[in-house]
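Colleague: sequence below, structure please.
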Amino acid sequence: MKKKILLLFILSFSISTFSQTTNSSSGGTATGNGSATYTVGQTIYTTNIGNNGSVSQGIQQSLEIFVLSNKDFKELNLNAFTYPNPTKDKITLEISNVDLQNLSYVMYDIKGRTLLKGVIKGKSTNIMMKDYAAGVYLLKVNQQNKELKTFKVIKK
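Modeller: Coordinates of the predicted model:
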């Protein structure tokens, strides 16, 4: 009797297990005044409908863009990079336009609190992050208190 109950118990697990898959047939990016990435064939969770169309949320993973821009400085050619991103203990801010003077940086947490301020003195600046918790941070590069470029930094 115990063997029959055990067999029935084991068979019931094999019958009731299901896996979740997404069968995507195609996808791409639509651009205009903004951009939207889409995948055809995904499961829809919610749909938002407006006057100009509708948007359906699914399970597509978002594309991360690390450099945020400032529309007031379109004519400025600032070449600045942060690496490694994501990071564990430090990031390096590298600026190739050394003719720019009075550069500084400010590190913010995701809630907008100022965590760290510093002066950029050369082409390469190391910013220590080992004392901060894992999460998303914003690093803003400024020139005389005017924001030039913002980086999204991910701390593991």
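Colleague: okay, domains of this structure per the record?
Modeller: Domain assignment of the chain by automatic domain parsing yields the ranges 24-63, 67-155.
Colleague: residue 136 contacts residue 151, correct?
Modeller: No. The pair residue 136 / residue 151 is not scored as a contact, 10.9 Å apart, by CB atoms under 8 Å. Placement of C-beta: from N, CA and C, glycine included.
Colleague: between these two, which has more neighbouring residues?
Modeller: When residue 136 and residue 151 are compared on other CB atoms under 10 Å, the one with more neighbours turns out to be residue 151, at 20 against 13.
Colleague: if you average pLDDT over each of the domains of the chain, which is lowest?
Modeller: Lowest mean pLDDT within the domains of the chain: domain 24-63, a mean of 63.
Colleague: mind listing what's buried along stretch 124-141?
Modeller: Neighbour-count burial for stretch 124-141 flags 125, 127, 129, 132, 137-141 (criterion: 16 or more other CB atoms under 10 Å).
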